[in-house]
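# I'd like to go over a predicted model; first the sequence, then the structure.
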Amino acid sequence: MGRAPEAVSQHVLRCPPNKGAGIRVMGWAQRPWRRTGLKPPASAALGVLLALALLALARLPPSPDHSAHLLPASSPPNPRWEVAVPLPRGRAHNKRSPEPPARLWQDRPPSRGRRQRWGLTGDAPLWLSDDDLQKMQLLANGQVVSKTRIPAHGQVLRVGLRAVGDAEGDTSPASLEGDCQDRHCGLIKRPGDLYEVLAFHLDRVLGLNRSLPAVARRFTSHLLPYSYTDGSPRPIIWWVPDLQHLKDANNDQNSCALGWLQYQEMLQPCRLTLVAGDGPCSSIPCGEWSRLALFDFLLQVHDRLDRYCCGFQPDPSEPCVEERLHEKCRNPAELVLVHILVRKSAPSRLVFIDNAGRPQHPEEKLNFRLLQGIDSFPAAAVATLRSGRLQSLLLESLRVDRELWESQGGAEGLRPLLRTIDRRARILLRYIQEHNLTVFGDSPR
């Protein structure tokens, strides 16, 4: 920064004669006339004044109106991901236009030392709501403050989460359980279940909005077992405390008990009106089953509608073969649906859980039994499939999850999975056309 004009003048006058050309001119011009006692001629005086004026002008700082916009040559410009913090009220603002406040998903580019800091530079896709983004932020960055095993679910852990910067507060078991009731918890699953994160984004891109928010994350908390902190990314799914479960211990993964034959009978009136009556799952409209069938076909999720693998010939290594479930396909009366869940606060909307699906399921073995009995599909989802932009929309959405994006190799690493889903989408569209099926709007018929 330059000095003020007054400081410059004082500096010039106090410098020794050998420090500046202007000082030397002034000294040499004055001394002969001082010895003789004569006044200097007018031309000499003008020359001295001109030299002093030029020296002062050369050492003046830049104009105050423009100095705020100049940077030293060695100073780099501010990184574009940095956002100015607005001044508190009552303080004077400078003349520069204030920068917009930080958005939820603006963050610095990823660095190896801070892989849990993640986000999107720019605007998040419109199909991700503000509520989605806030929950994803907590799942990705929240401090793990508790853990609980989920009975009969292997490596699944329920963890309590606290936003970074929040006061520590009470960490007693009762308090932590209360945190989960306030929906500040998540389910950590196996590394092989990362496909659930892609499934969540597919759900939002298609406008179904029945899956729970999910992100990929590497955990470092000392509260977790070593297998959870070995550096492998795992999916963490938002915990919903009000899922409705049956009291039957052998069938607690359903909100209502529903067999395959009952399910098919229930779909018959869908061509005319909503399902009515006091039968199992009668509060669930037909449009919910259509959304579920479309979603499960694209992901090839068999566990809900066809956990016995009756719709294709399974390999001997399939769980449905190892557990001898496939043998029950001979007697349809024994077949039941699993993971048919609703929330107590919204009993007419299905909740899609355990959406890992089968990304490597061969195309020649696609399970069309998942579509059996469905005569119409949601119009918005079908329009997205027909647009030819499914892959690009999914890529745009998946960029929000930096951990998943990096761990899977970015766009190039994810494209094989997206191409698989896109091919299944084309097959589904052909199925809809060949069977002369219809579409419905957001409000189920």
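Structure's in. What do you need? Computed from a predicted structure; not experimentally measured.
# what residues go with each domain of the chain?
For the chain, the domain assignment from automatic domain parsing gives the residue ranges 5-57, 116-238, 249-440.
# Please tabulate those domains in a markdown table, including the columns mean pLDDT and mean neighbour count.
In short, each C-beta sits where N, CA and C put it, glycine included. As requested, the domains of the chain are exported to a markdown table (pLDDT from 0 to 100; neighbours: other Cβ atoms under 10 Å):
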| stretch | mean pLDDT | mean neighbour count |
| --- | --- | --- |
| domain 5-57 | 49 | 12 |
| domain 116-238 | 86 | 18 |
| domain 249-440 | 92 | 17 |
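# all strands for the stretch 201-350 of the chain, in order.
Counting by DSSP state E, counting those that start in this stretch, the stretch 201-350 of the chain has these strands, from start to end: 214-217, 234-238, 341-343, 346-351.
# Give the helix, strand or coil label for residue 138.
Reducing the assignment to helix, strand or coil with DSSP: H, G, I helix; E, B strand; the rest coil, the entry for residue 138 is helix.
# OK, contacts around the nearest residue to it once chain neighbours are set aside?
Taking Cβ to Cβ, 6 or more residues apart in numbering, and ignoring the residues beside it in sequence, residue 138 has residue 161 as its nearest neighbour in space, at 5.5 Å. Contact partners of residue 161, counting by Cβ atoms under 8 Å, 6 or more residues apart in numbering, are 138, 139, 142, 143, 144, 145, 179, 184, 185, 186.
# Need the phi and psi values for residue 161.
Backbone dihedrals for residue 161, given as degrees, to the nearest 10, come out at phi -120, psi 140.
# Which strand residues bridge it?
Taking DSSP bridges as the rule, residue 161 bridges to residue 144.
# Tell me the spacing between it and residue 131.
Taken as Cβ to Cβ, to the nearest Å, the spacing of residue 161 relative to residue 131 amounts to 16 Å.
# coming back round to it: any idea how far the residue nearest to residue 138 lies from residue 215?
Here the distance between residue 161 and residue 215 works out to 12 Å (Cβ to Cβ).
# Overlap in contacts, these two.
Jointly contacting residue 161 and residue 215 under the rule Cβ under 8 Å, 6+ apart are residue 139.
# Tell me where the stretch 251-400 of the chain has helices.
260-267, 286-299, 319-322, 379-386, 390-398 (DSSP state H, counting those that start in this stretch).
# Outside of the third one itself, which residues are in contact with it?
Here helix 319-322 makes contact (Cβ under 8 Å, 6+ apart) with 302, 307, 308, 309, 314, 315, 316, 325, 326.
# do that again at 10 Å, thanks
Surrounding helix 319-322, the residues in contact under the criterion Cβ atoms under 10 Å, 6 or more residues apart in numbering are 302-303, 306-310, 313-316, 325-329.
# show me what contacts residue 411?
Taking Cβ under 10 Å, 6+ apart, we find residue 411 in contact with 391, 392, 395, 398, 399, 405, 418.
# Would you mind measuring from residue 238 to residue 315?
Using Cβ to Cβ, we find residue 238 at a distance of 33 Å from residue 315.
# With residue 197 instead?
Using Cβ to Cβ, residue 197 is found at 25 Å from residue 315.
# coming back round to it: tell me which of the contacts of residue 411 is nearest to residue 221?
Using Cβ to Cβ, the shortest approach to residue 221 within the contacts of residue 411 belongs to residue 405, at 22.5 Å.
# from memory that closest one sits against residue 413, does it?
Yes: applying Cβ atoms under 10 Å as the test, residue 405 and residue 413 come out as touching, 8.7 Å apart.
# Regarding this protein, what is its longest helix?
For the chain, the helix reaching the highest residue count under DSSP state H is reported as helix 410-434.
# now the angle from it to helix 286-299?
In terms of direction (axes from the mean of the first three to the mean of the last three Cα atoms, to 10 degrees), helix 410-434 departs from helix 286-299 by 130 degrees.
# quick check: angle from helix 410-434 to helix 390-398?
If you take the same axes, to 10 degrees, helix 410-434 sits at 130 degrees to helix 390-398.
# Now do helix 410-434 and helix 379-386, the angle between them.
Between helix 410-434 and helix 379-386, the angle formed by their directions is 110 degrees, by the same axes, to 10 degrees.
# next structured bit after helix 410-434?
Going down the chain from helix 410-434, the next helix or strand is strand 438-440, by DSSP states H and E.
# Tell me the strands beside that following strand, with direction?
Its sheet considered, strand 438-440 pairs with strand 376-378 (parallel) by DSSP bridges.
# so where do the helices sit in the stretch 101-250 of the chain?
Counting by DSSP H, counting those that start in this stretch, residue ranges of the helices within the stretch 101-250 of the chain are 130-141, 173-181, 195-205.
# okay if I get those as CSV plus distance to residue 340?
Output for the helices of the stretch 101-250 of the chain, formatted as CSV (distance: least, Cβ to Cβ, whole Å):
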stretch, distance to residue 340
helix 130-141, 23
helix 173-181, 23
helix 195-205, 17
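# mind checking which of the ones you listed is nearest residue 261?
helix 195-205 (28.1 Å).
# quick one: the closest one to helix 286-299, angle?
Note on geometry: by the same axes, to 10 degrees, helix 195-205 and helix 286-299 are set 130 degrees apart in direction.
# Just give me the closest of the contacts of helix 319-322 to residue 154.
Each of these was scored against residue 154 by Cβ to Cβ, and residue 303 proved nearest at 14.4 Å.
# show me the residues around residue 440 that make contact.
Taking Cβ under 10 Å, 6+ apart, one finds 270, 286, 287, 290, 375, 376, 377, 378, 379, 380, 382 in contact with residue 440.
# thinking again about what came up before, how about JSON lines for the strands of the stretch 201-350 of the chain, with distance to residue 282 added?
As requested, these are arranged in JSON lines below (distance: least, Cβ to Cβ, whole Å):
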{"stretch": "strand 214-217", "distance to residue 282": "30"}
{"stretch": "strand 234-238", "distance to residue 282": "28"}
{"stretch": "strand 341-343", "distance to residue 282": "12"}
{"stretch": "strand 346-351", "distance to residue 282": "10"}
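# Hmm, residue 215 is touching residue 401, no?
Yes: with contacts counted by Cβ under 10 Å, residue 215 reaches residue 401, the gap being 5.3 Å.
# related to what we said a few turns ago, looking at the helices of the stretch 251-400 of the chain, which is closest to residue 335?
Distances from residue 335 to each of the helices of the stretch 251-400 of the chain were compared using Cβ to Cβ; the minimum, 3.8 Å, belongs to helix 260-267.
# counting contacts, what elements does the closest one pack onto?
For helix 260-267, the contact count by 3 or more Cβ pairs under 10 Å, 6 or more residues apart in numbering; DSSP states H and E identifies helix 286-299 as packing neighbours.
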